[in-house]
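Asker: Next come a sequence and a model predicted from it.
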Amino acid sequence: MPLALEKKEIVAILEEIGVLLELAGENPFKTRAYEAAARTLESDPRSLEDLIQSGELGKIKGIGKALEEKVVTLATTGELDYYSALRARFPESLFDLLRIPGFGPKKVKAVYEKLDIASLDALEAAAREGKLRALDGFGAKTEQNILEGIERVRAYQGRVLLPLAEQAAVPLFEWIRDHPDTIRSSLCGSLRRRRETIKDIDLLASSEKPDGILETFVKHPSVVKVTGHGGTKASVVLKSGMNADLRVVADQEFPFALNYFTGSKEHNTEMRARAKERGLRLNEYAFTREDGSRLLCKDEEEIYRTVGLEYVPPELRECTREFEWAEADKIPELLGYGDLMGTLHCHTTASDGAADLEQMAAAAEALGYQYLGIADHSKSAAYAGGLDEKRLARQWSEIDSFNKKSKGIRLLKGSEVDILKDGSLDFAEEVLADCDYAVASIHSLLNLDEAAMTQRLVRAIESPGITFLGHLSGRLLLQREPYPLNLAKVLDAAARNGKWIEINANPWRLDLDWRASMEAKERGILLVINPDAHSTEGISDNRYGIDVARRAGLAQADVANTRPLKEFLKILSATRPH
DNA sequence: GCCGTTTTCGGCCCGACTGTTTTCAGTCG
């Protein structure tokens, strides 16, 4: 049964219904039900097709009769009258208004109904002319904030890549950590969970004297605007355009605040529910017993233990599998940042890289790697100076002579072979057979439909000479959506053929992403973390790939390039039956 | 709209801050 809409699209529609219901002034719990269902569906690793056919969909917690029916209708017909009717009530452009900080559904509803304002431009004009202050709850300050908010919405699309956020956050964090009144401190939020894109920076400190710390925080050199400054919390806008919040709590409350502000929201909700089952109320300060007395914990481990769980590392707190694992004492021993013994998929000056073989090898060796796989582009990638068979052979003899004289790192002969339109490869099997490994990637014709794209990737991964697929989904974070793809089919093909899948650690890609990596692991597929480095510095991007692996719950054994050289070569050759 | 070993109605997480108000609604996380 082919679905009329993909799961992803249905998730987006459920989210949109949630927002529309808010705009319509519906019961907030109804709104929440749609939003929760969207999240649940999104993070469920099973395919929507399976969920519907097996009848499991309606058994998922948070999806009752009404939602099940709506999802099935969407999946089978691609349409839903309830949704279309709701949509017709509000113009599309109203959604832009919701992106203004501090401007929620109620305010959007007010300007739309009272002043017929439905776009950023119209709102900006009204705010400039002082027309908004006529509305209840709006004043001069609100108008000013709206104008600044509109500017920010236009300038920064809300989220930034993890490395950029980290760059802004770490100096702030150190500034707080080193304050004499600070006892404990941490980065929280999505940064601590190592999400691939970040919206706001959340900081937490404990202290007996919060005032001085908050005062210091708002005066950090990277702060351009203070948007809030109370007795325990301050909010600022940074030069980078990001928002940063600092919360200061008493030290005995620190573990609770740390847990709370690390999130995710869904994880927190489940934690509260588990506390409740044990007769405890959990908030950002403490457990509270039914008699009103407080129960404190010295650290996060103790909080988890109190609700009957093993400690859950921040990267796993997305309310996917972590509760199931923690309950059974089966939280994976996550891949560590020093666990990679080598890496593949790096470029050199032979194609579009900035450093030559020797420079790349030296950089990898400095990171402690035992092996580095070279994989320049193949001939079809003319834009990137792709190598033809002759130039490839020349590179291999360079690698041979390097390895002969190298006492440390070993270079591996590889190729990033373009996957052509029909799934055939840019090099013949005889050429690939002489490589140590080959990564197959798509760089062109990204606009094929799902069936064609899936077939293309399946055919590529079935090629005997291929070791793994590179940046499988083709997404560029905050820039380009993944191409349409039946991921399950591609993963099944990889599993069937004993192939690996890459976790491309380039921060723009992080592809496979963590959810898909989880699915790959479930199929017994080995992942391989590669930087897709085009420079010596690029190799260090592997740390972001390790973030992805940790979020996917991968352990050392799940990642191929944690093996020392000898063992690695053995499993490498097993991917290719020559 | 969901959920139920206090269940088929009446809850649903809740605290801080802002800006508008003179006690609170809206937003955010």
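Answerer: All right, it came through fine.

Asker: Any stretches of chain A with poor pLDDT?
Answerer: Regions of chain A meeting the criterion pLDDT under 70 cover residues A:1, A:155-158, A:479, A:578.

Asker: what distance separates the start and the end of stretch A:414-427?
Answerer: 12 Å (CA to CA, to the nearest Å).

Asker: In it, which residues are buried?
Answerer: By 16 or more other CB atoms under 10 Å, the buried positions in stretch A:414-427 come out as A:414-420, A:423, A:425-427. Bear in mind the C-beta positions are built from the backbone N, C-alpha and C, glycine included.

Asker: same question, stretch A:547-564
Answerer: Buried-residue list, stretch A:547-564, by 16+ other CB under 10 Å: A:547-555, A:558-563.

Asker: Among those residues, pick out the one closest to residue A:83, please.
Answerer: residue A:551 (31.4 Å; CB to CB).

Asker: who's in contact with that closest one?
Answerer: Contact analysis of residue A:551 by CB atoms under 8 Å, 6 or more residues apart in numbering lists A:193-195, A:315-316, A:318, A:514, A:517.

Asker: quick one: which of the residues you listed is most hemmed in?
Answerer: In terms of neighbours by other CB atoms under 10 Å, the contacts of residue A:551 top out with residue A:517 at 26 neighbours.

Asker: Can you name the residue of chain A nearest to DNA strand B?
Answerer: residue A:139 (2.1 Å; CB to the nearest atom of the strand).

Asker: Pretty sure residue A:94 sits against residue A:23.
Answerer: Yes: judged on CB atoms under 8 Å, residue A:94 makes contact with residue A:23 at a distance of 6.8 Å.

Asker: and residue A:26, which of the three is it?
Answerer: coil (DSSP: H, G, I helix; E, B strand; the rest coil).

Asker: Just the CA atoms of stretch A:333-347, as PDB, please.
Answerer: Extracted in PDB, the C-alpha atoms of stretch A:333-347 (Å, rounded to 0.1, in the frame of the first residue of the first chain):
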ATOM      1  CA  GLU A 333      27.900   2.600  26.800                       C
ATOM      2  CA  LEU A 334      28.100   5.400  24.300                       C
ATOM      3  CA  LEU A 335      30.900   5.900  21.800                       C
ATOM      4  CA  GLY A 336      33.600   8.100  23.400                       C
ATOM      5  CA  TYR A 337      35.300  11.100  21.800                       C
ATOM      6  CA  GLY A 338      38.600   9.400  21.800                       C
ATOM      7  CA  ASP A 339      37.300   6.100  20.400                       C
ATOM      8  CA  LEU A 340      38.000   6.500  16.700                       C
ATOM      9  CA  MET A 341      41.200   4.800  15.600                       C
ATOM     10  CA  GLY A 342      41.100   6.200  12.100                       C
ATOM     11  CA  THR A 343      38.800   7.600   9.500                       C
ATOM     12  CA  LEU A 344      37.900   7.400   5.900                       C
ATOM     13  CA  HIS A 345      36.400   9.800   3.300                       C
ATOM     14  CA  CYS A 346      38.900  12.700   3.100                       C
ATOM     15  CA  HIS A 347      39.800  14.800   0.100                       C
END
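
Asker: mind listing what's buried in that stretch?
Answerer: In stretch A:333-347, counting by 16+ other CB under 10 Å, buried: A:334-335, A:340-347.

Asker: Quick check: residues of the stretch 301-450 of chain A near DNA strand B?
Answerer: Contacts of the stretch 301-450 of chain A with DNA strand B, taken as CB under 7 Å from any atom of the strand, are absent.

Asker: Stretch A:60-67 near DNA strand B anywhere?
Answerer: Yes: applying CB under 7 Å from any atom of the strand, one finds stretch A:60-67 in contact with DNA strand B at A:60-67.

Asker: Just the buried ones from the residues you listed?
Answerer: If we count by 16+ other CB under 10 Å, the residues of stretch A:60-67 next to DNA strand B have these buried: A:60, A:63, A:67.

Asker: what secondary structure does the last one sit in?
Answerer: It refers to residue A:67. Strictly by three-state DSSP, residue A:67 counts as helix.

Asker: Now do the contacts for it.
Answerer: A:14, A:33-34, A:37.

Asker: what's the answer for the first one, then?
Answerer: Neighbour list for residue A:60: A:40-41, A:44, A:51 [criterion: CB under 8 Å, 6+ apart].

Asker: hmm, back to that, list just the nearest of the contacts of residue A:551 to residue A:493.
Answerer: Nearest member of these to residue A:493, counting by CB to CB, is residue A:517, at 16.5 Å.

Asker: neighbours of the residue of chain A closest to DNA strand B, just the number please.
Answerer: By other CB under 10 Å, neighbour count at residue A:139 equals 11.

Asker: Also residue A:351?
Answerer: For residue A:351, the count of nearby residues is 22 (other CB under 10 Å).

Asker: Now do the same contact list for the residue nearest to it when sequence neighbours are not counted.
Answerer: Spatial nearest neighbour of residue A:351, excluding adjacent residues (CB to CB, 6 or more residues apart in numbering): residue A:376 at 3.8 Å. Contacts for residue A:376 were tallied using CB under 8 Å, 6+ apart; they are A:347-348, A:350-353, A:386-387, A:392, A:395, A:415-416.

Asker: what's near enough to touch the most centrally placed residue in chain A?
Answerer: Per CA atoms, centre = their mean, the C-alpha nearest to the average position across chain A is that of residue A:196, at 3.5 Å. Neighbouring residues of residue A:196 by CB under 8 Å, 6+ apart: A:161-162, A:477, A:507, A:510, A:513-514, A:544, A:547-548.

Asker: quick one: it from residue A:427, how far?
Answerer: Here residue A:196 is placed at a distance of 32 Å from residue A:427 (CB to CB, to the nearest Å).

Asker: How about residue A:151?
Answerer: On the measure of CB to CB, residue A:151 and residue A:427 end up 51 Å apart.
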